[in-house]
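> Please work out how this folds:
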Amino acid sequence: MPTSPTFPGVYIEEIPSGVRTIVGVATSIAAFVDRFARGPVDAPVRIFSMADFERDFAGLDAASAASYGVRQFFLNGGTDAYVVRVRTADDVASNAVLMGGAAGGAEIVRVTAGRRLGGQAVEDPGSWGNGLRVEVDYATTDPAELFNLLVSEVAEEGGRMVVRRTETFRNLTMEPDRANNAIEVVNAGSKMVQLDRDGLADALPDPWDPTFRPTATGTLSGDLPAAPGGGAPVVPDGSQFDITVNPGGGAADLVTVTATIDYRGAIPETYAAFRPFLEAAIRAADRNNALLAGATVQLTGNRFRALLGRTGPGFEPDAVIRFAGAAADTTATDLVLTAAAGATEGDQMFVLDDGADGAAPDEGELRGTRAAKAGLYALEDVDQFNILCIPRAAELDGPDMRAVYAEAEQYCEERRAFLLLDLSPSEASLDAMGTWLDDNANLRHRNAAVYFPRIRLADPLSQNRLASFAASGTMAGLYAATDASRGVWKAPAGTDSRLRNVQGLDYVLTDRENGVLNPLGVNCLRTLAVYGNVAWGARTLDGADVQASDWKYVPVRRLALFLEESLYRGTKWVVFEPNDEPLWAQIRLNIGAFMQNLFRQGAFQGRTPREAYLVKCDRETTTQDDINRGVVNILVGFAPLKPAEFVIIRIQQLAGQVEA
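Next comes the predicted model:
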C-alpha cells in the first residue's frame, strides 16, 4: 500500500509485478462409473493405485466390467482416477442392532456398513458387509460406564476365518453431547461402519444411566470375589471345571470337555497372574477343537472375559462358551465363571447381516439425476476429471446404450472432458462394426472416441482364461502414459503405444480392413509383428472424413480442452479488475507466457511463436460498449500439431550420372 512519509528516513514499498502464473491443469484424470462389489454409492472416491481400488471397492468383480477397466488403467500408465459406484434398487447395506442396557435387552445403537464422505454418512451396501463383526468390551478407563468397539472385516479362506482389517474405538459412551460419544467418534473415524439410533425402540435414558451401553461380547464373568490380602483366591493346582461350547440358535452343543489348572510350580498371587493359567487350561482342554485351542481370556477390571478362537475352521460368531464346576472342585464357581453365579454368556461378536448385492445397473441408474447427484452426476462433486469410462453402458440394449452415452457426451462437453465409448461383445466383426456406426450415428461427437475391437485379457477370477473386455480402461491408461511422456498434444497411438496386459484382440484386422474403418472415425487396435498389440488410430467420433471437422483428431481436441480449462482457471483473477489497457496488458503478458511455455515444449506447429499462437486483448477485441457492459474479450489462437496419419514414401530409380 502507498506509504505516507511523516519522519525522515527510508521507506520500503512492495509493488506488484502484474505476473500471475497460469498453471496447466491435469489432462488424464479418469472417471469410472459402474457397479462394484463394495464401496460407497453415488459418491466419487479418488484412488491412485490398484491397491486403493482393492481397499475401497474390493478389487476385481466378475459382474463389473469397470473393475477390469480400473485395473487396466493403472497397468497401462494411469495414476489418478475417480470411481463412482452406482446404486441399484436391490442394493442393501448390512446392519445389526447392538443390544445392551442394565437388563441386556435394550436397543442401544444400529451399526450399518458405510463410511463418511464429504461430512455425510454414505451407505456401503452389498453382501461383503455380512462379513463385518463388532466386538464390545469394557477394558476402559472406567469399566463401569465406558466401552470399547472393535470392528473387523472377516472372510473364510481355505476353511479358516481371516481378518482382513480392523478398527478400534476406545472409551466410548452413548451419553449425548460428550466428546467421546460413540456415534460421533465412530462415524467420523470408521471406513467400514456408521452408527445411528434412527427408529430404535428404546430412547436414551433421562436422567442418564451409564449402564445404557452395548453388552460386552464373549463370556463375561461376574465381579471377581475379594480375596484375603487383595490377592487371588486360592485355586489349588489340578483344579478342574467343565467347558461347554454351544453354537447358539437352539442347536446342540458342539463340545463339552473338562479343563484342568496346571501351575507348573508357579503359584499365582493375583488375578492378573492367574489369567494366563486359566487361558492355558481352556486351550489345553481340546487341542483338536480350533474354537478352544485359539481361545483367549482377558482381565477387564475385576472380571474375566473369555473369547473363542476366531481364526480356526468352522468359527461361529454366535457361539457361546460356558463354564461349570466339575465334580467336587469349585474353580468355576469360585471365579464366578458359572452361569448360576452371575456370568454373562454373550455371543462372541455382533454380526452384521442382511446385506445384498443389487443387479447390474440399468440405463436410468447409470445416468442418475443431477439434482440427487446420483449415477453419472455423482461427478458433480469432483473438481476435475478428463476421461470418462462407462463400460456397463455397452452391455445395455441399443436404445438404452445410446441414451447413456448421449447424456455422457453432453456432460463431458460441459465439463471439458473426453468420453471413451465401449463396444458390446456382439461387435466382433467388420460388418458388425459398420452396423454399429449406422445405428449410432447420433453419438458422433468431438469429445468422444471409440476403439475396435474389444480386447482379450487373462481373467484372474476365471483361472486366467482369456475373456473379452471393454477397451476404455486400457485406452484411458494409455492416454495418461502418453500425456506424461510426450504431452497431451501427442496422439495416443503408434508403435510406442503398446497395450499392456492385453493377450489378444476379439478381431484381427488387416490393413485393408483398417482402411475401411479409419475414414469413418473408428480407431483400430492392431496386432503388429514385433510390436504386439497397439493402438492404431487417433480420431474422434467427429473425425469421419466426410464431416471435415476441425476436431478430427483426438490430440487436437484434448489439447483444446486442456487450454480451455487451464485458461478458465488461470484467468479468474481478471474478474472485477478495472477494464482498461493496464488490465489488457497483464492478460496478454500472463496468457502469452503460458502459451510460450507450451510452444517451447513442442505443443504447437510453427517455427516461431508468431506462427504458433496468438493472444489478443485490446481495443479491437473489447469495445467501449463491452466495457460499459463489464465485458473483456480475449482471443487466444493456436496452431495444433496434427498426427502424421499417413506416411507416403516416394521412391525413384536414378538412371545414373548423365552429362548434359
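> Share the number of residues neighbouring residue 302, please.
The local packing of residue 302 (other C-beta atoms under 10 Å) involves 14 other residues. All C-beta atoms are positioned from the backbone trio N, CA, C, and that covers glycine.
> And it, what's its pLDDT?
pLDDT for residue 302: 80.
> what's the answer for residue 658, then?
Per-residue pLDDT puts residue 658 at 65.
> What does residue 305 show for phi and psi?
Main-chain torsions, residue 305, degrees, to the nearest 10: phi -130, psi 120.
> check contacts around the nearest residue in space to residue 556 that is not next to it in sequence.
The spatially closest residue to residue 556, leaving aside those adjacent along the chain, is residue 640, at 4.5 Å (C-beta to C-beta, 6 or more residues apart in numbering). The neighbours of residue 640, taking C-beta atoms under 8 Å, 6 or more residues apart in numbering as the test, are 489, 555-556, 559-560, 604-605.
> For residue 640, list each beta-bridge partner.
Beta-bridge pairing of residue 640 under DSSP bridges involves residue 604.
> Residue 250: how many residues sit nearby?
Burial of residue 250 is recorded as 6 neighbouring residues (other C-beta under 10 Å).
> Just list what the helix or strand that residue 155 is a member of packs against, helices and strands only.
Per DSSP states H and E: residue 155 is located in strand 147-157. Strand 147-157 makes packing contacts with strand 132-137, strand 160-172, helix 182-189 when contacts are defined by 3 or more C-beta pairs under 8 Å, 6 or more residues apart in numbering; DSSP states H and E.
> Could you check how far the longest helix along the chain is from the centre of its chain?
Counting residues, the longest helix in the chain under DSSP state H turns out to be helix 581-601. Mean C-alpha position of helix 581-601 versus that of the full chain (C-alpha atoms, centre = their mean, to the nearest Å) differs by 39 Å.
> What of stretch 631-648?
With C-alpha atoms, centre = their mean, you get 37 Å for stretch 631-648.
> likewise stretch 474-488?
22 Å.
> now stretch 418-436
Put simply, stretch 418-436 sits 29 Å off its chain's centre (C-alpha atoms, centre = their mean).
> and what of stretch 409-422?
21 Å.
> From the opening residue of it to its closing one, how far?
Start-to-end span of stretch 409-422 (C-alpha to C-alpha, to the nearest Å) is 13 Å.
> Type out the PyMOL command that picks the buried ones from the contacts of residue 640.
Selection of buried members from these for PyMOL, criterion 16 or more other C-beta atoms under 10 Å:
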select buried, resi 489+555+556+559+560+604
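> could the contacts of residue 640 be laid out in JSON lines, adding pLDDT and distance to residue 632?
Below are the contacts of residue 640 laid out as JSON lines (pLDDT from 0 to 100; distance: C-beta to C-beta, whole Å):
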{"residue": "489", "pLDDT": "97", "distance to residue 632": "28"}
{"residue": "555", "pLDDT": "96", "distance to residue 632": "30"}
{"residue": "556", "pLDDT": "96", "distance to residue 632": "27"}
{"residue": "559", "pLDDT": "96", "distance to residue 632": "24"}
{"residue": "560", "pLDDT": "96", "distance to residue 632": "21"}
{"residue": "604", "pLDDT": "95", "distance to residue 632": "24"}
{"residue": "605", "pLDDT": "94", "distance to residue 632": "29"}
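> In the longest helix of the chain, which residues are buried?
Here helix 581-601 shows 583-584, 586-587, 590-592, 594-595, 598-599 as buried, counting by 16+ other C-beta under 10 Å.
> what's the following helix or strand after that helix?
That would be, after helix 581-601 and using DSSP H and E, helix 609-612.
> And the contacts of that following helix?
Counting by C-beta under 8 Å, 6+ apart, 595-596, 599, 604-606, 638-639 sit against helix 609-612.
> Save these as a markdown table, and put in distance to residue 58 too.
Listed next are the contacts of helix 609-612 as a markdown table, based on distance: C-beta to C-beta, whole Å:
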| residue | distance to residue 58 |
| --- | --- |
| 595 | 45 |
| 596 | 47 |
| 599 | 46 |
| 604 | 45 |
| 605 | 47 |
| 606 | 50 |
| 638 | 44 |
| 639 | 48 |
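> quick one, domains of this protein?
Per automatic domain parsing, the structural domains of the chain span 1-22+580-660, 30-88+359-556, 95-196, 222-342.
> Out of those domains, which one sits most buried?
For those, the largest average neighbour count (mean count of other C-beta atoms under 10 Å) is found in domain 30-88+359-556, namely a mean of 20.
> tell me the strands in the stretch 201-350 of the chain, going along the chain?
219-220, 240-246, 255-260, 296-300, 303-307, 320-325, 344-345, 350-351 (DSSP state E, counting those that start in this stretch).
> Quickly, which of those bottoms out on average pLDDT?
Comparing mean pLDDT across the strands of the stretch 201-350 of the chain, the weakest is strand 344-345, with a mean of 67.
> circling back: quick one: which of the strands of the stretch 201-350 of the chain is nearest residue 437?
strand 350-351 (52.9 Å; C-beta to C-beta).
> Look at residue 311 and report its pLDDT.
For residue 311, the pLDDT comes out at 72.
> Show me which helix or strand of this structure is least confident by mean pLDDT.
None of the helices or strands of the chain scores lower by mean pLDDT, DSSP states H and E than strand 344-345, at a mean of 67.
> What is the nearest of the contacts of helix 609-612 to residue 214?
Of all these, residue 595 has the smallest distance to residue 214: 63.4 Å, by C-beta to C-beta.
> Find the nearest non-adjacent residue to the closest one, please.
Of all residues not flanking residue 595 in the chain, residue 613 sits nearest, at 4.5 Å (C-beta to C-beta, 6+ apart).
> thought the one you found was touching residue 637?
Yes: counting by C-beta atoms under 8 Å, residue 613 does reach residue 637; the two are 6.2 Å apart.
> Any regions of the chain where pLDDT drops low?
Residues of the chain meeting the criterion pLDDT under 70: 1-2, 227-234, 249, 312-314, 326-330, 339-347, 656-660.
> how about the helices of the stretch 1-150 of the chain, start to end?
Assigned by DSSP state H, counting those that start in this stretch, the stretch 1-150 of the chain shows helices spanning 50-57, 65-75.
> Pipe those helices into JSON lines and attach distance to residue 362 per row.
Output for the helices of the stretch 1-150 of the chain, formatted as JSON lines (distance: least, C-beta to C-beta, whole Å):
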{"stretch": "helix 50-57", "distance to residue 362": "20"}
{"stretch": "helix 65-75", "distance to residue 362": "15"}
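> mind checking which of the ones you listed is nearest residue 266?
Closest of the helices of the stretch 1-150 of the chain to residue 266 is helix 50-57, at 44.9 Å (criterion: C-beta to C-beta).
> Give me the angle between the closest one and helix 65-75.
150 degrees (axes from the mean of the first three to the mean of the last three C-alpha atoms, to 10 degrees).
> Helix 50-57 packs against which elements?
Applying 3+ C-beta pairs under 8 Å, 6+ apart, we find helix 50-57 packed against strand 45-47, helix 65-75, strand 81-85.
> That one: how far from the chain's middle?
For helix 50-57, the separation from the chain centroid amounts to 6 Å (computed by C-alpha atoms, centre = their mean).
> Over to stretch 67-84?
That offset, for stretch 67-84, works out to 11 Å (C-alpha atoms, centre = their mean).
> Begin at 881, not 1, for the rest of this chat.
From this message on, residue numbering opens at 881, which makes the last subject stretch 947-964.
> Span of that stretch from start to end?
11 Å.
> which residues touch the residue lying closest to residue 1438 once chain neighbours are set aside?
Among residues not flanking residue 1438 along the chain, residue 1368 sits closest, at 5.2 Å (C-beta to C-beta, 6+ apart). Contacts for residue 1368 (C-beta under 8 Å, 6+ apart) come out as 907-908, 1435, 1438-1439, 1442, 1483.
> let's see 7 Å
Each residue near residue 1368 by C-beta atoms under 7 Å, 6 or more residues apart in numbering is listed here: 907, 1435, 1438-1439, 1442.
> Confirm it sits in a strand?
No: counting by DSSP: H, G, I helix; E, B strand; the rest coil, residue 1368 is not part of a strand but coil.
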